[in-house]
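**Student:** got a predicted structure plus its sequence, pasted below:
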Amino acid sequence: MSLPNTINIRPSISEDIGSITDIYATSVLTGFGTFEIDPPDMMEITARRNAILEQQLPYLVAEQNGDVVGFAYAGVYRPRPAYRNTVENSVYVREDGRKKGVGKALLSALIEECREAGRVQMVAVIGDSGNKSSISLHLSLGFRLVGILESVGYKHDRWLDTVIMQKNLTEG
């Protein structure tokens with residue numbers, strides 16, 4: 001039995017696609033965490049999720065009171081074989097679930113699953129150097145800042161930086 005407001009992290013299932021699509025669409029339309037301009041539809045989100053799962057990488061959701069309030073996944077960092085042990089994380093939380101531990105629960109579980117799968121490095125490519133919540137989340141879980149690419153994206157009428165953070169999954 002789960003307590004009210006308890007965050008349950010679990011593998012995503014196809015029935016979660018609608019919620020995942022909605023959460024991501026809000027981030028695309030209102031935020032800077034992704035540089036995507038037009039929100040993808042459910043068919044595209046399904047294809048993206050399937051591509052992650054086919055690579056035997058985790059695609060997780062956070063559930064609270066029966067609702068999906070966030071999702072996270074690890075994708076290949078780069079397609080060349082030399083990068084095979086490095087993953088890039090993505091974490092998105094529904095607006096009403098932010099600053100309530102959902103992102104931290106998702107990213108913690110994602111780190112652990114990638115560690116157990118033998119991955120060695122995790123990279124975070126964070127949209128907007130002003131995205132203090134995401135930067136703080138990653139710092140709190142042992143990521144370190146490795147660089148900032150200045151003004152590499154243009155969205156919502158402003159230039160945006162990309163913050164690069166990294167975590168060695170073999171430590172701690």
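**Tutor:** Happy to help now that I have it.
**Student:** please count neighbours and contacts with C-alpha atoms only from this point.
**Tutor:** Fine.
**Student:** please enumerate the strands of this protein.
**Tutor:** With DSSP state E applied, the chain shows strands at 8-11, 59-64, 67-76, 86-93, 121-127, 144-155, 158-168, listed in chain order.
**Student:** buried ones in the shortest one?
**Tutor:** Yep, that's strand 8-11 we're talking about. Neighbour-count burial for strand 8-11, with 16 or more other CA atoms under 10 Å as criterion, is recorded at N8, I9.
**Student:** so what's the gap between that strand and the chain middle?
**Tutor:** Centroid displacement of strand 8-11 relative to its chain, using CA atoms, centre = their mean, to the nearest Å, is 14 Å.
**Student:** re earlier: so which of the strands of the chain is nearest R49?
**Tutor:** Shortest distance between R49 and those, using CA to CA, is found for strand 59-64: 7.1 Å.
**Student:** and that closest one, average pLDDT?
**Tutor:** Confidence over strand 59-64, taken as the mean pLDDT, stands at 97.
**Student:** what pairs with that strand, parallel or antiparallel?
**Tutor:** According to DSSP bridges, strand 59-64 has the following sheet partners: strand 8-11 (antiparallel), strand 67-76 (antiparallel).
**Student:** distance check, V125 against L106.
**Tutor:** Distance of V125 to L106, computed by CA to CA, to the nearest Å: 16 Å.
**Student:** ok, D16 next?
**Tutor:** Distance from D16 to L106, counting by CA to CA: 15 Å.
**Student:** between the two, who's got more neighbours?
**Tutor:** Relative neighbour count places L106 above the other of D16 and L106, with 26 against 16, counting by other CA atoms under 10 Å.
**Student:** I'd assumed P11 was in contact with the more buried one.
**Tutor:** No: in terms of CA atoms under 8 Å, L106 does not count as a neighbour of P11; the distance is 10.5 Å.
**Student:** need the strands paired with strand 59-64 in CSV (columns: mean pLDDT).
**Tutor:** Compiled in CSV, the strands paired with strand 59-64 are given as follows (pLDDT from 0 to 100):
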stretch, mean pLDDT
strand 8-11, 97
strand 67-76, 97
